[in-house]
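Trainee: This is the structure alone, sequence omitted:
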């Protein structure tokens, strides 16, 4: 579906791409590995005469909540909910013969850099260029996703950047951190903006939003640029061992454990190595090795040495002939926090 590129691993649908279906639905691609004949992608925009976004003569409504979008597809487009072999789950996914167009973040960013047409596109161009200069990251390793990618941005749309490759991702992370430390246009959330983010991300957990606001303000991968929200996803090269991975969900759990590795906590998917985990309220007699999520809100949630509490789906995973257990985070009500925040 996409020509082979010099890096090789960007030859097919990857995290941050969008697909448009023959019905005019827009879905964002998740992950780097996809089943034969399917692209795993989550619904983001649907045609709606009352929608606030417009492309040509068609109005669109943005949708986000996973349970809400599952239900919308179940009722209106069940072809896009499919049992995925090796996952034991029905996932939002698009058969390749139902894709009318692919949207590629790097191509869109290149066009914007050449000739930005709107205020948000001008901000995208300035922000990407500043990061590139600060971190020595080629602009070709970066792209723009979200509403700007699919030409559904409004006057208040976010700036959604995506960066490809572990090394470039790390350099972008440090570059943005440096830009935020200066008195300039890039800064952390504060005040009302900080609380709004905490409500949107964690309002369904029942935990203290004041404490969560403090945690969100420290995150480098989101904040404000020229007074506008920015979000950055760092996508690693694929791990070939994951291609034949088989997983099986075992139910929802709440557990506590110690983070012993957080090197991949800034990437999408993010991952935390944990040990000494125990289940609250009881659970199966298994050891959990890691916490994983494809959702951006779970990045930068903990550092090595933190004792954390998490709620998510326990999975048994077979990969490379080895069996281990992980907790997948991302459904409504799932969370991951240092216990100091949970216990207050």
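Mentor: Right, received. Where do you want to start? None of the values given here were measured: they were computed from a predicted structure.
Trainee: Then residue 174 would be within a strand, right?
Mentor: No: per DSSP: H, G, I helix; E, B strand; the rest coil, residue 174 lies outside any strand segment and is helix.
Trainee: Give me the neighbour count for the residue nearest to it when sequence neighbours are not counted.
Mentor: Sequence neighbours aside, residue 135 is the residue nearest to residue 174 in space, at 6.3 Å (criterion: Cβ to Cβ, 6 or more residues apart in numbering). (Glycine included, C-beta is placed from N, CA and C.) Number of residues near residue 135 (other Cβ atoms under 10 Å) recorded here: 22.
Trainee: quick one, what contacts residue 135?
Mentor: 171-172, 174-175 (Cβ atoms under 8 Å, 6 or more residues apart in numbering).
Trainee: again, 6 Å this time
Mentor: By Cβ atoms under 6 Å, 6 or more residues apart in numbering, residue 135 lies in contact with 171-172, 175.
Trainee: Going through those, which ones are buried?
Mentor: Among these, those that count as buried by neighbour count (16 or more other Cβ atoms under 10 Å) are 171-172, 175.
Trainee: Run through this structure and note the low-pLDDT ranges.
Mentor: Within the chain, the ranges that satisfy pLDDT under 70 run 1-11, 208, 240-243, 341-344.
Trainee: what helix or strand is residue 201 on?
Mentor: helix 191-202 (DSSP states H and E).
Trainee: Sort out which residues of stretch 253-273 are buried, please.
Mentor: 253-259, 262, 264-273.
Trainee: Quick one: end-to-end length of it, please.
Mentor: Stretch 253-273 has an end-to-end distance of 17 Å (criterion: Cα to Cα, to the nearest Å).
Trainee: Please work out which residues outside that stretch touch it.
Mentor: The contact list for stretch 253-273, computed with Cβ under 6 Å, 6+ apart, reads 15, 173, 233-236, 274-280, 283, 290-294, 298-299, 302-304, 306-311, 314.
Trainee: how about the strands of the stretch 201-344 of the chain, start to end?
Mentor: 222-225, 228-235, 246-261, 270-279, 288-293, 307-319, 322-329, 335-338 (DSSP state E, counting those that start in this stretch).
Trainee: Between these, which one is closest to residue 51.
Mentor: Of all these, it is strand 228-235 that lies closest to residue 51, at 20.1 Å by Cβ to Cβ.
Trainee: Between strand 270-279 and that closest one, find me the angle.
Mentor: Computed by axes from the mean of the first three to the mean of the last three Cα atoms, to 10 degrees, the angle separating strand 228-235 from strand 270-279 equals 80 degrees.
Trainee: Contacts for strand 228-235 next, please.
Mentor: Contact partners of strand 228-235, identified using Cβ under 6 Å, 6+ apart, comprise 15, 123, 158-164, 169, 221-222, 266-268.
Trainee: Then stretch 289-306?
Mentor: 30, 201, 219, 221, 259, 262, 266, 269-274, 308, 310, 324, 326-330, 336, 338.
Trainee: Kindly recompute the last result at 7 Å.
Mentor: Residues from elsewhere that reach stretch 289-306 (Cβ atoms under 7 Å, 6 or more residues apart in numbering): 30-31, 201, 219-221, 231, 233, 259-262, 265-266, 268-274, 308, 310, 324-330, 336-338.
Trainee: Endpoints of it, how far apart?
Mentor: 15 Å.
Trainee: please begin residue numbering at 50 from this point
Mentor: Sure, I'll start numbering at 50, so the last one becomes stretch 338-355.
Trainee: Buried residues in that stretch, which are they?
Mentor: Buried residues in stretch 338-355 (16+ other Cβ under 10 Å): 338-351, 355.
Trainee: Equivalent analysis for stretch 140-150, please.
Mentor: Judged by neighbour count using 16+ other Cβ under 10 Å, the buried positions of stretch 140-150 are 140-143, 147-148.
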